[in-house]
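*Asks:* Model the structure of this input:
(2 chains)
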2 protein chains.
Amino acid sequence: MTITRAWTLKQRPQGVPTHADFELKTLELPPLGEGEVRVANEWLSVDPYMRGRMNDVKSYVPPFQLGEPMDGGAVGRVIESRADGYAEGDLVQHMLGWRDVAQAPAAAFNKLPALGVADHQWLGNLGLTGGTAYWGLLDAAEAKEGETVFVSAAAGAVGSAVVQIAKARGMTVIGSAGGGEKCAWVKELGADAVIDYKAGSIVKGLLAAAPKGIDVYFDNVGGDHLDAALAAARSNARFAICGLIEGYNSAEPMGLRYLARVIAARITIRGFLFPDYMGRMAEFYAEMGPLVASGKVTSRETIHDGIEAMPDAFLGLFTGANTGKMLVRV
Amino acid sequence: MTITRAWTLKQRPQGVPTHADFELKTLELPPLGEGEVRVANEWLSVDPYMRGRMNDVKSYVPPFQLGEPMDGGAVGRVIESRADGYAEGDLVQHMLGWRDVAQAPAAAFNKLPALGVADHQWLGNLGLTGGTAYWGLLDAAEAKEGETVFVSAAAGAVGSAVVQIAKARGMTVIGSAGGGEKCAWVKELGADAVIDYKAGSIVKGLLAAAPKGIDVYFDNVGGDHLDAALAAARSNARFAICGLIEGYNSAEPMGLRYLARVIAARITIRGFLFPDYMGRMAEFYAEMGPLVASGKVTSRETIHDGIEAMPDAFLGLFTGANTGKMLVRV
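*Replies:* Numbers count the residues shown, from 1 in each chain, chains lettered A, B, ... in the order given. Sure, this is the predicted structure:
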């Protein structure tokens, strides 16, 4: 008999989630069916978008169900297969995270190409994180060589990838991060200027760092940062809206003082989602694979050990506890 | 000696402008120079964007100067010319409004083609108003036949043009307006549904009128209307931001409760300005000329008589005193 330990949603959070919202259950897995694969998860991802799935509202991904296992990005190795093309030991990426053993029809598991990168990168710069950075910057915001890009949460998983991709593409990059240590790291990644949002006004910092304004804003947080970007936008600026972390946990409306600049500066604000670019993964791997393998795009990970630590890792996303990608090593 | 009576900016308003901000001065005009034209204005335009010019801030049009004549859209006839191609009696459109006699180099005056429309239409459906509606709807928002369009301030000058252009192009149109009389007129213009924003929640009204959501939002007001459009947007919806009248007079940030839907619904929000389309006037005249001349696109005007009434007309824009285009007949 095979068992899995899986985190389930015990109750829907009001505002910021807490440990009381999660319950770790031990579940028995049925015998492996024809065409199915069983995977021992090695790396589990926690991401801010999961907060939205804890609410009972229709969105781009369905809400988590009360009492049921949660899911999310994961990387693991096949431990048993009854499917053609999948053999014991194969490395796969899939969405049956928040548990230690995953079992499903083979189509749920993507066999990973040999690009010479560390396994956990498939949840980072070569996964949702890097893909979100890549497509948001280059497609949704149409950022081009020579332009000035502002990235909020630049020490975060997506933000740090945006900084490096933008530099690799010849852009001027201004990042924001909270606190001296994170700011120093963003500078190390190649950012031309870094704003410490804990040390003063974001809008003043941005106007000082980019006296001629910004062409592109990659938004990971919303709120004051979005407002500062509106204030500093040049004509025909493009904003890619990736995350509005200030909005996820709050029932309060987001107040924007500079929204009217959308008209004067002809700003385009565009929301985007990584899954829309699934059909273009080859293009993404072709550019990001070598950048990651060569170390031109690096990453930091904040790693929690053991399935038990998963809620700690997740909750840490909302308190700024991570530098770079937040991961759980099973 | 020729004189002009011109409205000047006496002081910069705090919040909503008042009569105390304006002063009517009588000014002597210098003799007409070589290459110059003198025009007796017949129609003067007041528009919400002028509120922004009363502030001392850099924007897409320079601020009005204290003590100096204000300007804005106007239509008049040449009364004296020292320029080739301009003769007494020629009808011209120009930007030296807020005064009864305008004088400048000929390049400041556009001679108007004979499209068989009433003179004041050059400040309305064939001028800034209609052009803003046309390009905002069809270019900035990329609205297409068969789509569902929401237009705020649909009884306003721009809004009523949007309703009719959208219907002429085969779209489903939902308008919003304040009060039964305005709503009835919007319905008469062809709107499929009208929301009376004074009678209840805009977001509830919009979700009821468009249970499948909206593809396009033409925003003339911002605030609650913009928020409702975010709530009701379908995937890949496009918003053209034309005016944020709720933001013009307020120092308060605009609160948006549904901004996070930009991501889930992949919404594109785009600010635009009519002057950017000056190079495409022929295209605009070719479609709008026949629509206006045939009465397929109609308009209402709220007309104030006499140069003395100009501030009344302008201030009325902010109290909802106009149905359709607000004009002053000199």
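*Asks:* okay, CA-based contacts and neighbour counts for the rest of this
*Replies:* Noted.
*Asks:* Low-confidence stretches in chain A?
*Replies:* A:59-60, A:245-251 (pLDDT under 70).
*Asks:* Doesn't residue A:207 lie inside a helix?
*Replies:* Yes: counting by DSSP: H, G, I helix; E, B strand; the rest coil, residue A:207 is located in a helix.
*Asks:* Contact partners for the residue lying closest to it once chain neighbours are set aside?
*Replies:* Closest residue to residue A:207 apart from its sequence neighbours, by Cα to Cα, 6 or more residues apart in numbering or on different chains: residue A:232 at 6.1 Å. Residues near residue A:232 by Cα atoms under 8 Å, 6 or more residues apart in numbering or on different chains: A:203, A:206-207, A:210, A:213-214.
*Asks:* same question, residue A:189
*Replies:* Contacts of residue A:189 (Cα under 8 Å, 6+ apart): A:160, A:163-164, A:298.
*Asks:* Could you dump those into JSON lines and include neighbour count and secondary structure?
*Replies:* Formatted as JSON lines, the contacts of residue A:189 follow (neighbours: other Cα atoms under 10 Å in any protein chain shown; DSSP: H, G, I helix; E, B strand; the rest coil):
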{"residue": "A:160", "neighbour count": "32", "secondary structure": "helix"}
{"residue": "A:163", "neighbour count": "31", "secondary structure": "helix"}
{"residue": "A:164", "neighbour count": "25", "secondary structure": "helix"}
{"residue": "A:298", "neighbour count": "16", "secondary structure": "coil"}
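*Asks:* mind giving me JSON lines with those and columns for distance to chain B?
*Replies:* Formatted as JSON lines, the contacts of residue A:189 follow (distance: Cα to the nearest Cα, whole Å):
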{"residue": "A:160", "distance to chain B": "20"}
{"residue": "A:163", "distance to chain B": "21"}
{"residue": "A:164", "distance to chain B": "23"}
{"residue": "A:298", "distance to chain B": "27"}
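*Asks:* right, and the helix or strand after the helix or strand that contains residue A:315?
*Replies:* Per DSSP states H and E, residue A:315 falls inside helix A:310-316. Per DSSP H and E, the first helix or strand lying C-terminal to helix A:310-316 is strand A:325-329.
*Asks:* Work out the gap between that next one and the centre of the chain.
*Replies:* Put simply, strand A:325-329 sits 11 Å off its chain's centre (Cα atoms, centre = their mean, to the nearest Å).
*Asks:* How about stretch A:95-108?
*Replies:* 20 Å.
*Asks:* Quick one: end-to-end length of that stretch, please.
*Replies:* 8 Å (Cα to Cα, to the nearest Å).
*Asks:* Just the buried positions in it, please.
*Replies:* For stretch A:95-108, the neighbour count (16 or more other Cα atoms under 10 Å in any protein chain shown) marks A:95-103, A:105-106, A:108 as buried.
*Asks:* What are the contacting residues of it?
*Replies:* So stretch A:95-108 is in contact with A:3-7, A:29, A:32, A:35-42, A:44-45, A:69-74, A:83, A:86, A:94, A:109, A:307, A:310, A:330, going by Cα under 8 Å, 6+ apart.
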